[in-house]
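>>> I need the structure of the sequence given here:
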Amino acid sequence: MRPALVLLTVLSFSHLLSANKIDLSFDGTIEKIFACKESGLLYFIDDNDQCFEYNGIHLRQKFNAYKLLGINNGKFYLSKSNSLFKYTQSTEKIQPLPIPLDRNIRNIYFLGEKLIIVSDSQIRITDENYSSHQLKFKQRVDGISSIFCGNSTCFYSQGNQVFDLFNDELLFQTNDSCLDICQSKSGDLIVASSYDTNICREGTCRILNAASGYMPSDPRKLVDSYDDLYIINATDVHRFSWAESSVELIEKIEGIFLDAKIDAWNGLWLATTQGVYHIKNPKKNSEPIIHNSYIENANGIKQNDSKYSWNENEEAIKIYLNSTFLPNPANLKTQYNLNEQGWKNLTRSVLYLTKSLLSNGDNEILMRSRSGNNISEVRRFTIKIPHQEVGSTLWKLLLGSLGFLFAIALISLLNLRNNNKVIQSEIEKLRSQNKLLQKEQQVDQLRMNPHFIFNSLNSIKGLLSQNKIPEARQSITLFSSFLRKYLYQTEGENTMLSDEIEMLKSYLKLEQLCRPFKFKFIIEVEDEELLDLWVPNMIVQPFLENALVHGFNADSENALLTLKFSESQNYLVAEVRDNGVGFQKELKENKSHKSVAVDLTEKRLASIDKNRQSAYVTYDHTVDGTLVRIKLSRI
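Numbers count the residues shown, from 1 in each chain. Predicted coordinates:
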């Protein structure tokens, strides 16, 4: 068994760095690391030349049967069977390049859009169109120890000498063998020799010294991150600050060092035989990077265009926004703003849209990624819902029949007038009933049971009188948070299930504070995709309140309230279960077991469902306590 890949974020110098260990149980050893600055993603190459893409959380295999050689400006360069290929993220296509190669390609370097291709026996350089020619050298190519391409030219080292790659001119000579080369932001060459780190300018080299701290000996790898220079030897990682001319040890290395790269947020990634180390650098202002966004229709066809015209037969579409934030990937959230209704969080990186959520004409949807105060750019999408118009053929048919209909209308005029009055009366009656139902529901929601609010405030007052200041502060914060969520959520008719669940959690936590008995609650969702569905707001809360009021009393012990969401026959089903006194017993003791709010909710469920079910709320009397099932039609 080969050693497992362990991603280790290391606690390092003073208060600037943080530590976190992630075990991905990867069967292999990472030998090379590539960082794509455009997408923020990392690419690991194992000892079998397999490539794995990493976004800070998930690791997935990439470029099967191809070997990744390098990444430049969002383009990936791959090799297979002595041929070179280019992969572009925007097109997701692999294209062959017309470059003659010999058997073993050692590496690829980049100078702008030019490629420097190094093999065992030759070095070739290409132009922007991938036309190439072989570079000539006085020495053997296999004697070159390191190559580095800077801002305007490339360098190589052989023995203790540094040469210009293109004219084979000797530039510098150090006291010991050169092991690695990099370039500072000021343009100076930094050369790692067998014992020291050298800085070279204007034809001369000197040992790089620090005003404070001790420079490490035997440097193997140099990685410049603009503000800092990382110096890596066989056992340690040191950071040299250009601004302060200081050096400090930031981490000990476990295993044999293999490779190192800087990511898009200036963090350092190290590969050793024992795993991969991540050293964060929070000094750099950073934001999440969006590396992919597209619209997917009901048939699963992707569209990269940000404008989409809704197909008449479509029921729903999806908008994907994939982003990366390696400094804090676990806290990364995707947000959306539909028609200027405010930013809301998504549970995943996909927005599920049904036609009922949109208006006729253009609908503007903004999406972004956020991790704390770090916010990405905003992607804008326009979804057009066509206006339903009557076709010209239908108009011709209507005009042709107009004379016949007009004759019938004259004969039946008196009867139609009488019938119209009756119909209008019935319509007005139905409209009034529907508006009344909505208003009653809103009033019942806004009422929120005055005793509940009074009990909450009274409980907080009791905590203060007992000098339980931390508990009182927590209760005040919980109560104010609940009120804000409640007032915001009840402004509209519908909300996402994920937001509804957060609202219900806040409500139940407050009930735990106010009730004269202790109870626990559990909220379960059968499928994560259900969290992105839209539901009528505060539709389940009356049933939870009903369970607490009628299912338990002051003598209740081990009280448990469970809420579960699942899907059945194209309906979202909410199950409210309590282990209280039971429906039958409570019904005998209190004939008004169902509250007015529950009655109004049942009527509300019927009014929003086009299929008109016979029962939207059912009660199960066979279990301990009471089980209530609520059927919610998809919006």
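>>> Could you report the pLDDT at residue 90?
Note on residue 90: pLDDT of 76.
>>> Just confirm it is within a strand.
No - counting by DSSP: H, G, I helix; E, B strand; the rest coil, residue 90 falls outside a strand, being coil.
>>> Now do the end-to-end distance for stretch 550-560.
End-to-end distance for stretch 550-560, by C-alpha to C-alpha, to the nearest Å: 13 Å.
>>> Next, the buried residues of that stretch.
Neighbour-count burial for stretch 550-560 flags 550-552, 556, 559 (criterion: 16 or more other C-beta atoms under 10 Å). Just so you know, the C-beta spots here come from the backbone N, C-alpha and C atoms, and that holds for glycine as well.
>>> mind checking how far it is from the chain centre?
Centroid separation for stretch 550-560 versus its chain: 41 Å, with C-alpha atoms, centre = their mean, to the nearest Å.
>>> Run through who's touching that stretch.
515-522, 561, 578-581, 586, 590, 593, 625-626 (C-beta atoms under 8 Å, 6 or more residues apart in numbering).
>>> can you list the buried residues of stretch 550-560 in TSV and add secondary structure and pLDDT?
Formatted as TSV, the buried residues of stretch 550-560 follow (DSSP: H, G, I helix; E, B strand; the rest coil; pLDDT from 0 to 100):
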residue	secondary structure	pLDDT
550	helix	84
551	helix	85
552	coil	87
556	coil	83
559	strand	91
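>>> what's the residue lying closest to residue 630 once chain neighbours are set aside in contact with, if anything?
Distances taken as C-beta to C-beta, 6 or more residues apart in numbering put residue 574 closest to residue 630, at 4.4 Å, once the chain neighbours are dropped. Residues counted as contacts of residue 574 (C-beta under 8 Å, 6+ apart) are 539-540, 543, 563-565, 629-630, 632.
>>> Can you pick out the ones from those that are in strands?
Residues of these located in strands (DSSP state E): 563-565, 629-630, 632.
>>> In terms of model confidence, name the weakest of these.
residue 632 (84).
>>> surely that residue meets residue 571?
Yes - look at residue 632 against residue 571 with C-beta atoms under 8 Å: they come within range, at 6.3 Å.
>>> Which of those two has more residues huddled nearby?
When residue 632 and residue 571 are compared for neighbours, residue 632 comes out ahead with 21 against 17, by other C-beta atoms under 10 Å.
>>> which one is that one nearest to, not counting chain neighbours?
Closest residue to residue 632 apart from its sequence neighbours, by C-beta to C-beta, 6+ apart: residue 572 at 4.3 Å.
>>> Look at that neighbour and give its secondary structure.
Applying three-state DSSP: residue 572 is strand.
>>> Need phi/psi at residue 357.
phi -80, psi -10 (degrees, to the nearest 10).
>>> what about it, neighbour count?
15.
>>> Can you give me the pLDDT of the nearest residue to it once chain neighbours are set aside?
Leaving out its chain neighbours, the residue that sits closest to residue 357 by C-beta to C-beta, 6+ apart is residue 534, at 6.3 Å. We have a pLDDT of 85 for residue 534.
>>> any idea how far residue 534 is from residue 44?
Remark: distance between residue 534 and residue 44 (C-beta to C-beta, to the nearest Å) = 40 Å.
>>> now do residue 98
For residue 98, the distance to residue 44 - C-beta to C-beta - is 29 Å.
>>> More neighbours: which of the two?
residue 44 (27 against 11).
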